[in-house]
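In: Below: sequence and its predicted model.
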Amino acid sequence: MKQLLKTFKVAFQAIFKNKTRSLLTMLGIIIGVAAVIMTISAGEGATKQVQDEIAGLGTNLLMIYTKTEHRAGAHVRMGRPINKKDFEMLQKNSVWISKLSPLVVSVAQAIGPNGYKSIAIYGVSDQYFDILSRDLLTGEYFKEEDVKNAGKVCVIGKTIKDELFLDLDPIGRQIRLDKIPFTVVGFLKEEGKGTMGQDQDDIILAPYTTIQNRLHGHRRGYDIIMASAISEDHIIDAKIEATELLRESHRILEGDENDFEITTQIELQEITGNITGVLTILLGAIASISLLVGGIGIMNIMLVSVTERTREIGTRLAIGARESDILTQFLIEAVTLSLAGGTLGVLLGIIGNQIIYKVTNFYIPTMLYSILIGFGFAAFVGIAFGYFPAKKAAKLNPIDALRYE
Amino acid sequence: MPSKKVIETKKVCRVFKNGEIEVHAITDVDLIIEEGEFVAIMGASGSGKSTFLNILGCLDKPTSGDYYLDGVHVNELNKNQLADIRNQKIGFIFQSYNLLSRTTALENVELPLVYNRTGRFSNSKELAKKALEQVGLGDRLNHKTNQLSGGEQQRVAIARALVNDPALILSDEATGNLDSKASIDVADLFVELNNKGKTIVMITHEPEIAQFAKRMIYLRDGRILTDEIIKNRSTKESALKDLELTA
């Protein structure tokens, strides 16, 4: 016991006498651990963000649109466009769909009291807000009457408000969309960046009838029909039912392919799940590489410093140190440096994640398992490569260790 | 009172195998060194003197033959027992000092006491300080080894060899890296230690240093060629005078 205490003293003496060597060893471990924590956490953060957003859309969403195919690099519509007839037919006959809204997109120049901007305007029905669960901050949604009368009203998101109104309260004020004045009736709650990075607050929503009549040059088709099933459990029923109703009304013969497509929220989730799965694997691979590189760095400095210290080991053996004294000393040194380096690496990783969050606003949860993997691996490599070369040296004849060049 | 045998070797051989080639470094060396002796071992390089001293110092084991150190049959000891023997019975001094770098003289000298398991030395700092004072470095206790001259470093190494109060001091070309003046100082220090009762065996290739000892053994090709008592021993004064004459 007393001997062990003495060995501790010797080990700490050796660490502090050789500050550069100790710091270099620790640096390898610090960077290795921090890199692993940050890459794994970034991957997890991205995955989680994507999943949260899709879940946030509501899981009973269906999107019905005309089938397109890639031809010579362009999307080409394959059937007749989804239109008012389809919309009304579904509204009348569907049992499992509770809410429906057409979606027509038009690009226009928007001019507000304090700014202007070119933007895609979404023509929707009053039910759209419910289907996509977009809440208001102030004002109100436009109503069924506005849709029926093609009223010149709109609801805007935060980015639009910031750019066109600055600090003015937008409610009751006007925006000119391609020279036609629209009154702002509602101001949406902030939603942030979407799954693919699009700004969900950079949005103007107006009755689809108005968009079609005033901005669209009387085009009759819809881009998409957005719908929600009466509940999450019936989303498949809703899809099957809508498919049958549309096939019937489009007079598609049995055995022929649909000229439209219906995508449900769940399918969307699966697709993005695949994408983020790939992302996670990719980042995992990067993390493994940084782990490997960090490990090799630690290994190198440990091997070099122990080889360099073979003579020191010889001296200690010659004046009466036992093999176990040497081993204990090097083990204590390796453990101390690995643990200190590992701890600093964890701190650096956590701080790094925080800095990324502060700078890019991209939230990275520091994953516990990434800390365990990074710390564990670095400690293992540090101790193994601090210990085994020392063991080899301590087993030498003292005279061979002393003569080592 | 019969003198105590500190060293007794019987037909000690050491053979190095380098692949197919066998090199006989030491062959059939019989030697008895008694307590209080001061022996110089001389010989050309390759005569086996360092190999022999390493065996005496328990840093290496003989290929055959028996070695008794202070009555202990060294051949039968395991690694840990050998380490303890080196620690408690032997003070070894090397040509290249082998001190720990970036470490103070005091800490270097204290080191053998750190590895001592007998519990005999509780006041290791005090003992280390005393040993350094004995070699005339009382004013250099907290100097780091790289701040000391070659002669001073060798004296730190000698203090380290003394600190455990060993039965035997072995010196492998302790003066090999030193200038003539510093060499004479070290040789004189050995004489002083020997006068206080320490048994000393030193290797040297400088006849004028060997002349400080009481007995000289000459090795050739791994065997003892001559073994005689030195009649006109040098002293510090005579050696310094000779140095002036040759200069």
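Out: Nice, I can see it.
In: residues contacting the residue of the stretch 1-150 of chain A found nearest chain B?
Out: At 4.5 Å from chain B, A:K17 is the closest residue in the stretch 1-150 of chain A, using C-beta to the nearest C-beta. To be clear about C-beta, it is placed using only N, CA and C from the backbone, and glycine gets the same treatment. A:K17 makes contact with B:L100, B:R102, B:T103 under the criterion C-beta atoms under 8 Å, 6 or more residues apart in numbering or on different chains.
In: what sits against the first one?
Out: Applying C-beta under 8 Å, 6+ apart to B:L100 gives the contacts A:K17, A:E312, A:T315, B:E107, B:N108, B:L111, B:T145.
In: What count of nearby residues applies to A:P398?
Out: In terms of burial, A:P398 registers 27 neighbours under the definition other C-beta atoms under 10 Å in any protein chain shown.
In: And for it, nearest residue in space, chain neighbours not counted?
Out: Across the structure, with C-beta to C-beta, 6 or more residues apart in numbering or on different chains as the measure, the residue nearest A:P398 apart from its sequence neighbours is A:L317 (3.9 Å).
In: helix/strand/coil for that neighbour?
Out: Look at A:L317: counting by DSSP: H, G, I helix; E, B strand; the rest coil, its state is helix.
In: Could you double-check that it lies in contact with B:N80?
Out: No - under the criterion of C-beta atoms under 8 Å, A:L317 makes no contact with B:N80, lying 11.3 Å away.
In: out of those two, which sits in the more crowded spot?
Out: A:L317 (28 against 13).
In: which ones are touching the more buried one?
Out: A:E323, A:I326, A:A394, A:L396, A:P398, A:A401, B:A83, B:R86.
In: Among those, which one sits closest to B:L31?
Out: Taking C-beta to C-beta as the measure, B:L31 sits nearest to B:R86 out of those, at 19.4 Å.
In: Chain A contacts on chain B?
Out: Within reach of chain A by C-beta under 8 Å from any C-beta of the partner chain, chain B has these residues: B:54, B:57, B:59-60, B:79-80, B:83-88, B:92, B:94, B:98-100, B:102-103, B:107, B:111-112, B:114-117, B:119, B:160, B:164.
In: Any of these buried? List them.
Out: Neighbour counting by 16 or more other C-beta atoms under 10 Å in any protein chain shown classes B:54, B:57, B:59-60, B:83-88, B:92, B:94, B:98-100, B:103, B:107, B:111-112, B:114-117, B:160, B:164 among the residues of chain B next to chain A as buried.
In: and those residues, which of them are in helices?
Out: With helices defined by DSSP state H, the entries of these inside them are B:N54, B:A83, B:D84, B:I85, B:R86, B:N87, B:Q88, B:E107, B:L111, B:P112, B:V114, B:R160.
In: quick one, phi psi at the residue most central in space within chain B?
Out: Taking C-alpha atoms, centre = their mean, the centroid of chain B lies closest to B:L170, which sits 1.6 Å from it. Per-residue torsions, B:L170: phi -110, psi 130 (degrees, to the nearest 10).
In: pretty sure it contacts B:L56?
Out: Yes - applying C-beta under 8 Å as the test, B:L170 and B:L56 come out as touching, 5.9 Å apart.
In: what residues do the two have in common as contacts?
Out: B:V201.
In: What are the contacting residues of the helix or strand bottoming out on mean pLDDT in chain B?
Out: The weakest-scoring helix or strand in chain B, judged by mean pLDDT, DSSP states H and E, is helix B:236-246 (a mean of 87). The set of residues that contact helix B:236-246 without belonging to it, under C-beta under 8 Å, 6+ apart, is B:S180, B:K181, B:I184, B:D185, B:A187, B:D188, B:V191, B:E208, B:Q211, B:F212, B:S234.
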